[in-house]
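# Requesting a structural model of the entry that follows:
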Amino acid sequence: MKTWIKYAAGIIIGILLGIYLPFDTEKMQGVLQYLSSLVINMGMFAVYPLVFFSFGYSIFKMRQEKILLRVILKSFLAIAASGVILVIFGTLTVLFFSPERIPIIIQSRTVESFPNYRGILEKAAAGEIKLLYLIGVNPLMTFTDRSLVERALEKAEFVIAQDVLPNETTQAADLVLPVASWAHKDGTYFNLGWRLQRLNRTDLVPAVPTDLEILKRICVRMGKHHHHSDAAAVFNEMARVTQFMSHLTFETIPETGSVFGFDADDEAVRRMAEEVAAIELDPPAPEADSEYPYTLVPKQYLFRNSPRMRYSPKMDAAVPEAVALMHPGDLSALGLADGTEAIIESRHGSIQLALAGAGWVQRGSVIVNNYLPGAPTNRLVSVEDEITYVRVRAAQ
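Presented below is the predicted three-dimensional model:
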């Protein structure tokens, strides 16, 4: 059979396979990966011996025919002539064309050049990000500046919220992807004491996918192979590129966990806060004035810290009602009393809460639960202000 017929037959078979085979399934992706690895390995085992023995045989034949030195000399002259020609060409180019007209583009991108949490929201609010994919976060309640989050969600063309429980952000999303909770997936986590521990899943709800399974399905639909097939592969990749975890693998994490200690000077902490969390340490603090005389103190309660507890009716007994706490002297000066419904207003927004006096509250401050679904504190604050000042007045 002629060579061109073989090539034509191969092209036709490849086109037919591309049309009729379901390449967008996870199983087919696995088959293609296996076949490609097999072909590459076969090629490696075939090419290496071929190159090695061909080189040795060529040297032997050239020595036998007494042309080895001539071939080496010609090769050296060809390399030298090529170098000289390139130098002459470069010199002539500089003489006849201004160097400014020769574009030299050097692009580099590091991890720090990617936007942080705040930067992503700002770009979405400016229309530079078309799709927001929110995994396990509820920025409408937890991010400092609620106004920025609202603008980002409104400006983005499509918003995907992937979470265990419904919340304010899932209600504002175009698509909601429910996922398994921590008890039903494998993985690792750091606790507040920097102890790395493993999650051991219980298969009680097999129909609910994990975050990783959803991401794998998206990658397959996009035609991208996902190399991290399970939680162990994900952790091992993180450990490989993270120096302080490089001595561990998923299988070698102790049953009681592994504790990490970190020594960082003030400058390192400052840099990490500014680059990763977009927090400016020791910023110029705004001052209170007669219009907004009280300092807002968002207080975080442990029984309201977790979204699973925040939206559980069983926890309502721990806090029967949501109130704003003030010193009794401040309440008296305002002509207000315990239980008065009041408007707490800043330069950025307002919320309505009942007031309660507490002698332990410092005068000139207002303490509010940081995570109240009905009266979100982040409606009052902005990422631009480290300290937020408010005024208090009776609700109409």
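
# Pull the CA coordinates from stretch 218-232 and hand them back as PDB.
What follows is stretch 218-232, C-alpha atoms only, in PDB (Å, rounded to 0.1, in the frame of the first residue of the first chain):
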ATOM      1  CA  ILE A 218     -17.000  20.900  34.900                       C
ATOM      2  CA  CYS A 219     -13.500  20.200  33.700                       C
ATOM      3  CA  VAL A 220     -14.700  17.200  31.600                       C
ATOM      4  CA  ARG A 221     -17.500  19.300  30.000                       C
ATOM      5  CA  MET A 222     -14.900  22.000  29.200                       C
ATOM      6  CA  GLY A 223     -12.600  19.300  27.500                       C
ATOM      7  CA  LYS A 224     -10.000  19.700  30.200                       C
ATOM      8  CA  HIS A 225      -8.600  16.700  31.900                       C
ATOM      9  CA  HIS A 226      -8.700  16.900  35.700                       C
ATOM     10  CA  HIS A 227      -5.500  15.300  37.100                       C
ATOM     11  CA  HIS A 228      -6.700  15.400  40.700                       C
ATOM     12  CA  SER A 229      -9.100  12.400  40.900                       C
ATOM     13  CA  ASP A 230      -9.600  12.400  44.600                       C
ATOM     14  CA  ALA A 231      -8.800  14.300  47.900                       C
ATOM     15  CA  ALA A 232      -5.500  12.500  48.300                       C
END
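
# Can you give me the neighbour number for Leu196?
Using other C-beta atoms under 10 Å, Leu196 is surrounded by 19 other residues. The way it works is simple: take the backbone N, C-alpha and C, and place the C-beta from them, glycine included.

# Confirm for me that it is in contact with Thr256.
No. With contact defined as C-beta atoms under 8 Å, Leu196 and Thr256 do not form a contacting pair (10.5 Å).

# Can you show me the helices along the stretch 251-396 of the chain?
Secondary structure of the stretch 251-396 of the chain, counting by DSSP state H, counting those that start in this stretch: helices at 266-275, 307-310, 328-334.

# What pairs with the strand ranked longest in the chain, parallel or antiparallel?
The residue-count maximum for a strand in the chain (DSSP state E) belongs to strand 350-357. Sheet pairing for strand 350-357, assigned by DSSP bridges, gives strand 323-326 (parallel), strand 341-345 (antiparallel).

# How about the last one, which residues are buried there?
Of the residues in strand 341-345, those buried by neighbour count under the rule 16 or more other C-beta atoms under 10 Å are 342, 344-345.

# mind listing the helices for the stretch 1-150 of the chain?
3-20, 26-64, 68-96, 117-125, 139-142, 146-155.

# any low-confidence regions in the chain?
1, 23-26, 29, 97-113, 203-206, 225-228, 261-266, 268-288, 301-320, 373 (pLDDT under 70).

# Which parts of it belong to which domain?
3-66, 294-394 (automatic domain parsing).

# closest to Phe96 among the buried residues of strand 341-345?
Glu345 (69.7 Å; C-beta to C-beta).
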